[in-house]
Structures are given as C-alpha cells and as structure tokens.
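**Student:** I need the structure of the sequence given here:
(one chain, ligands or ions: 2)
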Amino acid sequence: MQHYRVTRSLATLCAVLTAAWGLTSPPVSAVGPGNLRVSFVDVGQGDGAVAVTPAGQAIVIDAGPRDASDAMRAELRALGVKKLDWVVASHPHADHIGGLPELIASFPPRQVLDPTYVHGTALQKRFLKQVGSSGARLVRARAGSSIQLDPSVKLQVLAPPARLFQGGDSDANNNSIVCRLSFGATYFLFTGDLEADGRAALLKNSPADQLRADVLKVAHHGSHNGADPAFLAAVRPRIAVISCGKGNDYGHPHREALDQLARSGSRILRTDQLGTIRCVSDGKTVRVVSKLPVLPPKQLLVPARVGGGFIGNPRSHVVHAADCKQAPRLGNRAEFKDLRKALSAGYRSHAACLGR
Ligand SMILES: [Zn+2]
Ligand SMILES: [Zn+2]
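**Tutor:** Residues are numbered from 1 along each chain as shown. Ligands and ions are numbered 1, 2, ... in the order given. Below is the predicted model:
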C-alpha cells in the first residue's frame, strides 16, 4: 500500500512513502468506515469509476464500454455496494456509457446526472430508456451545481457550462461532465473526455483553486488533447490516473500527455498496466492500492514505459528509459524489456527519466 500525504511538496511526498505497495494490500472491503473509497475500474478502453462515501452512498462515474459491465458489477460487489445513489454519465460516447444500461438494470440508481447533450445515437437512446424504466431521476448537470453526497462528501459540478459547446472538434467530448469529489482535504477530479476547448473554458470560468485535486482522472484516456500545462498547473495533481485499454487502437496514452504529466510532477497510474486502481481517502491522506508485484516502494512509483524497454549502464548500474537522452549508447549498455529485471540485477533507476 502506498500513502500520499496531502501536503503538496514533492520532498514531503517522498519522505512519507511508507509501506510496500501491493505487499500487504487489504481487500478493499476491509477498509473501515470513515473513508472515501474511489476505484478506477479496469474497463479496457474507456472510463469507469466507483466511489463509496463514509456514510455508504455509492456513485458510479461512467461504466466503460458494453463489455465492461461485468467488471463494474464485480467492483461494486467488492465494495459492498447493493444499490446506487448516483450515476454520472460524463458524456454519451460508447466507451463511457456503453456499460451503463446493463449496470443500471442490475443496480438501479436513485439519480442520474447527465450533460443532456443530444448525441442521437442508438446507444444514447437505449441508455435514456433504461434510465426511464429504472425509475431514476434524470438530473441535468451544469457548472456551479453541487451535490452533498453525505455530510462529509461533496460532488461539485464544474462543467459543462450553462450554454453547451457547439461547433468544436468534438462537442460530445467538450460537453463532458467535469466533477470534483471532495472529502476533508482530499480531492478527486473527473474530467470525462474534455478536450482543449473545454479545458480552456473551464480554466477561464473556475475560481482559483476550484480545480485543485490530489487525484486527477486524466481527460480522454491520456490522448494528446487530454492534458496541457495550464490545466495541470491549476489542478496540481499528485496522482494522475489514465484509464485506457491495453494495446488500444488509439495508441492512448499519447507521448505528449505522458510528458506533460511527468513534467507536472504527478505520478502516472494506468489501468492498462495496473488493472483496477483503488484509492482510499481518510480525509487527509490518499492511499493507493494496486496489485503490482512486490518491489521497493520508490520503484513502484516509477511510471512504466510501454515499448522501447530500458537501458542499463553496466558501469554506473543506472537504468534509463530507452528514450532517455542520458541512456548509454550502443556498445556499452545492457537492455531490459522489464524494469523489474534491471532492478533485481542491481540497477537503480535514473530519477530524471524514471522517477525517484
Ligand atoms: Zn472516451
Ligand atoms: Zn468521448
């Protein structure tokens, strides 16, 4: 298990890395009351998250594509959820709401928060029909509203704006619901598939600090249009979660987004590499629970690189990402496909490219 204190200095962050992550991860259901639990479910290529508040209110934010409803249901069961209080449908694309009709059929929610952007697809009609027959109340999401989920947990709606976007690159994406879940001093920001236009408007319309979050669900699966320096400077995330499928057709996450996130100092956690990522907040600290193999905690924070492998310098015993400028040239190098192999061979990771 990994502890991230809310204190925002990176030095402090490093100083409080305490236990080995994945070594003693308790089942999530064993995490006691008084905590907010947030799971970023491995739904393949798409977004799907579940949050359970200390008072037991359960909320689903997207449910991945259609074939992900089993994964969503399994996570709800693991969290001990029997009924849903809220469903947030960030926007009507299939990788976000595809799994919702079936999920709603088995876990009828009390309320559904929707951007009410008319996409006109068969899927959106099926989704709205299922909401109707479930008896749930359909609530229009607009920036400025806020839902008190339980006495200590609030969901602020930050987007879409009162007047929906029209005529941009992807109106469906840019009208995504952006919402921030807060518990004590800890914040989780969900951004759907918000693209550059949507983020620019959100930045302009948001008071200072309204976007700040400890955990950011990176927009648009880490696409090149999913992150930018101005937005990351406002959010200042400690943890950046990218929800995407292994070997997906879009090449998500894109290098541009990974580089921006790395430069922002946040730790990148990816569902395609880690499976479902579970966070537990006690209101002061966010712990991340994952099923990574046992490694020293500092190495566990290393964002793994896909493709390219790792290059070790046999003299200094420092291992670099394949694209690091300081990686040794051909002739004096040891190549590793798997970072763990390099570490177990006695190499230490190069902080500049692989993190501390
Ligand atoms: Zn998407
Ligand atoms: Zn989308």
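
**Student:** drop to CA atoms for contacts and neighbour counts, all remaining ones
**Tutor:** OK.

**Student:** now the closest residue to R236 other than its chain neighbours, what are its backbone angles?
**Tutor:** Using CA to CA, 6 or more residues apart in numbering and skipping residues adjacent in sequence, the residue nearest R236 is R212, 6.0 Å away. Note on R212: backbone dihedrals following degrees, to the nearest 10 are phi -60, psi 140.

**Student:** where's R212 relative to G192, distance?
**Tutor:** Between R212 and G192 the computed distance is 16 Å (CA to CA, to the nearest Å).

**Student:** repeat for I268
**Tutor:** Distance from I268 to G192, counting by CA to CA: 17 Å.

**Student:** neighbour count for these two, which is higher?
**Tutor:** Neighbour totals were compared for I268 and G192, and G192 leads with 28 against 20 (other CA atoms under 10 Å).

**Student:** surely N173 is within a strand?
**Tutor:** No: assessed with DSSP: H, G, I helix; E, B strand; the rest coil, N173 is helix; it does not lie in a strand.

**Student:** give me the neighbour count for it.
**Tutor:** Residues lying near N173 (other CA under 10 Å) number 25.

**Student:** next one, pLDDT for it please.
**Tutor:** Note for N173: predicted pLDDT of 98.

**Student:** need the contact list for it.
**Tutor:** Residues in contact with N173 (CA atoms under 8 Å, 6 or more residues apart in numbering) are 91, 192-195.

**Student:** and those residues as JSON lines, adding pLDDT, secondary structure and distance to A262?
**Tutor:** Shown next, in JSON lines, are the contacts of N173 (pLDDT from 0 to 100; DSSP: H, G, I helix; E, B strand; the rest coil; distance: CA to CA, whole Å):
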{"residue": "H91", "pLDDT": "98", "secondary structure": "coil", "distance to A262": "27"}
{"residue": "G192", "pLDDT": "98", "secondary structure": "coil", "distance to A262": "20"}
{"residue": "D193", "pLDDT": "98", "secondary structure": "coil", "distance to A262": "20"}
{"residue": "L194", "pLDDT": "97", "secondary structure": "coil", "distance to A262": "20"}
{"residue": "E195", "pLDDT": "96", "secondary structure": "coil", "distance to A262": "19"}
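
**Student:** what about burial for those, which qualify?
**Tutor:** Buried members of those, scored by 16 or more other CA atoms under 10 Å, are 91, 192-195.

**Student:** now, which of the contacts of N173 lie close to ligand 2?
**Tutor:** D193 (CA under 5 Å from the ion).

**Student:** how far away is the residue nearest to R236 from R270?
**Tutor:** Taken as CA to CA, the span from R212 to R270 is 20 Å.
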